[in-house]
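1. sequence below, structure please.
(one chain, ligands or ions: 2)
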Amino acid sequence: MLSAEEYRTVFEASPDGILVVAGDGTITELNPQAEALFGYVREELLGQPVEILVPESVRGRHGALRESFGHDPRPRPMGVDLRLRGRRKDGTELIAEISLAPVPGDDRGYVICTVRDVGERIRLRDFSEAALRSAEEERRRIARELHDDTAQRLATLILRLRLLARVEDDADQRVEVDAIREQLKEAAEGVRRIARGLRPPALDEVGLATALQAHLRDLRVGANLEVDAEIEGVDHMLDAEGRLALYRIVQESLSNVLRHAGVRRARLRLGVEDEAVVAVVEDRGRGFLVRDATERGGGLGLLGMQERAVMFGGRVAIESVPGQGTRVRVELPGSIKEQGHV
Ligand SMILES: Nc1ncnc2c1ncn2[C@@H]1O[C@H](COP(=O)(O)OP(=O)(O)OP(=O)(O)O)[C@@H](O)[C@H]1O
Ligand SMILES: [Mg+2]
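-> Ligands and ions are numbered 1, 2, ... in the order given. Presented below is the predicted three-dimensional model:
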């Protein structure tokens, strides 16, 4: 048998937050994990209504639900897979899985609430769902590009070749052959562009700087986006995966400029600062509210950048001011190569 003190230790050591709430909704006990989850110290919560931990928008409903639990108290999860939201002291919200159970043998309506922070799990799940969706969209985009651009060009060329056979005059024929050759070159360049977009040229062979220069050229020629670039060689500081991650992050930042900033000019700086590889992409375009964009969970680009950087022990800082522009700064630790990162 455990002593009362040992039970207390178990209560306090639980990896989940635990609160004991009286029948009238007053918090009567909580463990350190509950303090940490909600950002309060114990004394601030004791005697408070449990609604203090519920976001204002759902407080009204919460009281009613609590009463209905009182009428039919039995253990139950409050919403597995429902995104229950809690409110921290600083006003931010957490996403939690909450289970309720009546205190056995108690007739005063005491309820034990177990709270587990599942924010990270949900964020990851959202990310992988969105990643799947985006892969599908990407395929659609490539299919469209191949169909509308490459296939159209080739169809036109077939037609011109057929007509060429009927041209009698040698000089006329030569002019037409030259024109066709030019068109074929363009079509081939288009295919290369699509391929490069899918998978950058082997970064190991040509290096990050060259691969990025090629991408900037594509943006200039293919999309009329002019990028002022200062690119230092950083290949010696990153392994192949690190280089690819950096390439993808820069690519996404520039694609965001192209799609959202409403300007046709950007700046790219890549170099070494304090043993770290740093890339900065800047534009003086429309700008946006970073918090809104990431909370809405709409785009995958910004999220993906963060995920990639974090995977390599780095980080991404996004600053944007509506009406003034956007600055994305990526930092990857430079020792990835030595650590033999896989
Ligand atoms: N350079 C920028 N200038 C202005 N707005 C931007 C810029 N970068 C991002 N945004 C805003 O942030 C939002 C989120 O960007 P994010 O890259 O995550 O998604 P997206 O570009 O809309 O879609 P995708 O998943 O294809 O990248 C964009 O929809 C846009 O409103
Ligand atoms: Mg994007």
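
2. for the residue of the stretch 1-150 of the chain at minimum distance from ligand 1, which residues are in contact?
-> In the stretch 1-150 of the chain, the residue found nearest to ligand 1 is Ser134; the distance is 5.8 Å by C-beta to the nearest ligand atom. All C-beta atoms are positioned from the backbone trio N, CA, C, and that covers glycine. With contact taken as C-beta atoms under 8 Å, 6 or more residues apart in numbering, Ser134 is in contact with Leu300.

3. now swap in Ala131 and tell me
-> Contact criterion C-beta under 8 Å, 6+ apart gives Leu300, Gly304 as the residues in contact with Ala131.

4. what about 10 Å?
-> Each residue near Ala131 by C-beta atoms under 10 Å, 6 or more residues apart in numbering is listed here: Leu300, Leu303, Gly304, Glu307.

5. those residues in helices, which ones?
-> Leu303, Gly304, Glu307 (DSSP state H).

6. keep these, but drop any that are not near ligand 1.
-> Leu303 (C-beta under 6 Å from any ligand atom).

7. turn the ones in helices among the contacts of Ala131 into TSV, columns for distance to ligand 2.
-> Below are those laid out as TSV (distance: C-beta to the ion, whole Å):
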residue	distance to ligand 2
Leu303	9
Gly304	8
Glu307	13
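
8. before we move on, back to that, turn the contacts of Ala131 into a markdown table, columns for pLDDT and neighbour count.
-> Shown next, in a markdown table, are those (pLDDT from 0 to 100; neighbours: other C-beta atoms under 10 Å):
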| residue | pLDDT | neighbour count |
| --- | --- | --- |
| Leu300 | 75 | 19 |
| Leu303 | 82 | 18 |
| Gly304 | 82 | 18 |
| Glu307 | 82 | 16 |
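
9. close to ligand 1, is the helix or strand hosting Glu241?
-> Secondary structure assignment for Glu241, by DSSP states H and E: helix 240-256. Yes - judged by C-beta under 6 Å from any ligand atom, helix 240-256 and ligand 1 are in contact via Asn256.

10. what about the helix or strand just after that helix, distance to the chain center?
-> Downstream of helix 240-256, the next assigned helix or strand under DSSP H and E is strand 265-273. Its chain's average C-alpha position is 21 Å from that of strand 265-273, according to C-alpha atoms, centre = their mean, to the nearest Å.

11. what lines up beside strand 265-273 in the sheet?
-> Partners of strand 265-273 in the sheet, by DSSP bridges, are strand 226-231 (parallel), strand 276-283 (antiparallel).

12. quick check: mean pLDDT of the first one?
-> This points to strand 226-231. In this model, strand 226-231 has a mean pLDDT of 96.

13. for Ala130, which non-adjacent residue is spatially closest?
-> Once flanking residues are discounted, Ala130 sits nearest to Leu300: 4.9 Å by C-beta to C-beta, 6 or more residues apart in numbering.

14. which stretch of helix or strand covers the residue of the stretch 101-250 of the chain found nearest ligand 2?
-> Per C-beta to the ion, Ser134 is where the stretch 101-250 of the chain lies closest to ligand 2, at 9.6 Å. Using DSSP H and E, Ser134 sits within helix 119-145.

15. what residues of that helix count as buried?
-> Residues of helix 119-145 classed as buried by neighbour count (16 or more other C-beta atoms under 10 Å): Phe127, Ala130, Glu145.

16. which single residue in the stretch 151-300 of the chain comes nearest to ligand 1?
-> For the stretch 151-300 of the chain, C-beta to the nearest ligand atom, closest residue to ligand 1: Gly299, 1.7 Å.

17. that residue against Ala293, yeah?
-> Yes - using C-beta atoms under 10 Å, Gly299 is in contact with Ala293, at 6.6 Å.

18. mutual contacts of these two, please.
-> Common neighbours of Gly299 and Ala293 (C-beta under 10 Å, 6+ apart) are His260.
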